[in-house]
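>>> here's a sequence, model it:
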Amino acid sequence: MEELKKLCDRAEALLDRLENFLPVPPPEPDWSSSTAFRWRRRHNSGFIQPVSHPHQITLKDLRGVDNQKKLVDQNTHQFVQGYSANNVLLTGARGTGKSSLIKAVLNQYAGNGLRLIEVEKDHLVDLHDIVEQIAQRPERFIVFCDDLTFERDEPGYKALKVVLDGSVATVSDNVLIYATSNRRHMVPEYMRDNLDTRHVGEEVHPSETIEEKISLSERFGLWVSFYPFDQDQYLEIVRCWLAGFGFTEMNDELRRAALQWALGRGSRSGRVAWQFACDFAGRQRALGRLSNQSGK
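As a prediction, this is how the structure comes out:
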């Protein structure tokens, strides 16, 4: 009997030691602490983490994308009001405001209960777990997936397809997926994919490989395309960002500097315009010239 007691004591001591190596369950997110969140993984388990300092960009800050703003704003407005709305795929030229537009509509409707959860591509396999965690919440959620491209056999590709459309269980009506990509079809297409394309009479029947690759994009109900800015649009965006820094005068010298900056970057995008404005404003402040421009 005493031997059995010793054995039990040793077993309990061993269990106590093993508990120190077990992962601690992540705490429930404080939904009142932020409007934006991220899905994180630690020790093979995932959790929702608040973002301490969400980007405070607004819809009026975005220039040259008025049609795109109207489409995404209307869809989001329907969603937060409890009406039917679509998952959204924003595609096109880099640096034209795709991600910024999603952040802007979050700030526009955060007061109406809208929240955003950013999910990295490598964590898309957890989409079902994420949706289950928020399905009973009173808030409305955008699951945000940025800069997506896939190979067809990636786990995240299949998980996203299933959540968008195709699972036996429907996604909760308080969740939409907003994704950005530089390509309309998020899976690369190759010349060899066309080898099995058939011509029947005057009709073209794409190969099954091509059909499979475009099927993910087709699961998004709303496609919003972004295009490269022309010179006038780029300069207008530069002017707006500089005004935000306190520089209200856009002279010929400043225009030439902005165009040279874009030439060096090989792009006239909103991102490049912002980078130029940051650099110019910082240098002018360092030289003590801001007061000459803004009257401060």
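>>> kindly state the beta-bridge partners for Ala179.
Leu89, Cys145 (DSSP bridges).
>>> surely it meets Phe220?
Yes: with contacts counted by CB atoms under 8 Å, Ala179 reaches Phe220, the gap being 7.1 Å. Glycine gets a C-beta too; all of them are placed from N, C-alpha and C.
>>> list residues touching both of those two?
By CB atoms under 8 Å, 6 or more residues apart in numbering, Ala179 and Phe220 have these common neighbours: 87-89.
>>> which of Ala179 and Phe220 has more neighbours?
A direct count of neighbours by other CB atoms under 10 Å for Ala179 and Phe220 places Ala179 higher, at 26 against 21.
>>> quickly find the element holding Tyr83.
Following DSSP states H and E, one finds Tyr83 outside all helices and strands.
>>> over to Lys158?
helix 155-164.
>>> list the buried residues of that helix.
Using 16 or more other CB atoms under 10 Å as the test for burial, helix 155-164 gives 156-164.
>>> can you get me a residue count around Leu263?
Neighbours of Leu263 (other CB under 10 Å): 11.
>>> so how far is Leu242 from it?
18 Å (CB to CB, to the nearest Å).
>>> try Arg285
12 Å.
>>> the more surrounded of the two?
Leu242 (23 against 13).
>>> check contacts around the more buried one.
Leu242 neighbours (CB under 8 Å, 6+ apart): 248, 250, 254, 277, 280-281.
>>> who wins for neighbours among those?
Neighbour counts for the contacts of Leu242 peak at Ala277, which has 22 neighbours (criterion: other CB under 10 Å).
>>> what is the helix or strand encompassing that one packed up against?
Element membership for Ala277, per DSSP H and E: helix 270-286. Packing partners of helix 270-286 (3 or more CB pairs under 8 Å, 6 or more residues apart in numbering; DSSP states H and E): helix 231-244, helix 252-265, helix 290-294.
>>> where does the stretch 151-296 of the chain have low pLDDT?
Scanning the stretch 151-296 of the chain for pLDDT under 70 picks out the ranges 151-155, 157, 166-171, 183-216, 289-296.
>>> now with 90, please.
Along the stretch 151-296 of the chain, segments meeting pLDDT under 90 span 151-173, 181-221, 227-228, 244-250, 265-267, 284-296.
>>> next one: the stretch 1-150 of the chain
In the stretch 1-150 of the chain (pLDDT under 90), the answer is 1-30, 32, 41-46, 63-64, 92-95, 121-129, 131-132, 135, 147-150.
>>> please, where are all the strands along it?
Using DSSP state E, counting those that start in this stretch, the strands found in the stretch 1-150 of the chain span residues 36-42, 45-50, 88-92, 114-118, 140-145.
>>> so who does Gly97 touch?
62, 64-65, 68, 226, 270.
>>> show me which of the shared contacts of Ala179 and Phe220 are buried.
87-89.
>>> can you put these in TSV and add distance to Asp146?
Shown next, in TSV, are these (distance: CB to CB, whole Å):
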residue	distance to Asp146
Asn87	15
Val88	13
Leu89	12
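>>> correct me, but Ala110 touches Ser34?
No: applying CB under 8 Å, one finds Ala110 not in contact with Ser34, separated by 9.5 Å.
>>> tell me, how many residues neighbour the spatially closest residue to Ser269 that is not a sequence neighbour?
Once flanking residues are discounted, Ser269 sits nearest to Gly95: 3.1 Å by CB to CB, 6 or more residues apart in numbering. Using other CB under 10 Å, Gly95 is surrounded by 21 other residues.
>>> could you check how far Gly95 is from Glu12?
For Gly95 relative to Glu12 (CB to CB), the value is 60 Å.
>>> returning to what we had before: just to check, the residue nearest to Ser269 is in contact with Arg268?
No: taking contacts as CB under 8 Å, Gly95 lies outside contact range of Arg268: 9.0 Å.
>>> mind checking how far Lys5 is from Arg285?
In terms of CB to CB, Lys5 sits 75 Å off from Arg285.
>>> should've said Arg38
32 Å.
>>> okay, now Arg239: neighbour count?
What Arg239 shows, counting by other CB under 10 Å, is a neighbour count of 20.
>>> look up the closest residue to it, ignoring the ones flanking it.
With CB to CB, 6+ apart, the residue lying closest to Arg239 is Met250, at 4.7 Å.
>>> ok, Pro29 next?
Per CB to CB, 6+ apart, closest to Pro29 is Ile48, 4.3 Å.
>>> mind listing what Arg271 touches?
By CB under 8 Å, 6+ apart, the neighbours of Arg271 are 94-96.
>>> how does the protein divide into domains?
Annotated domains of the chain cover 36-186+207-226, 231-284 [the TED database].
>>> for those, give me CSV that also has distance to Glu28.
Listed next are the domains of the chain as CSV, based on distance: least, CB to CB, whole Å:
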stretch, distance to Glu28
domain 36-186+207-226, 8
domain 231-284, 36
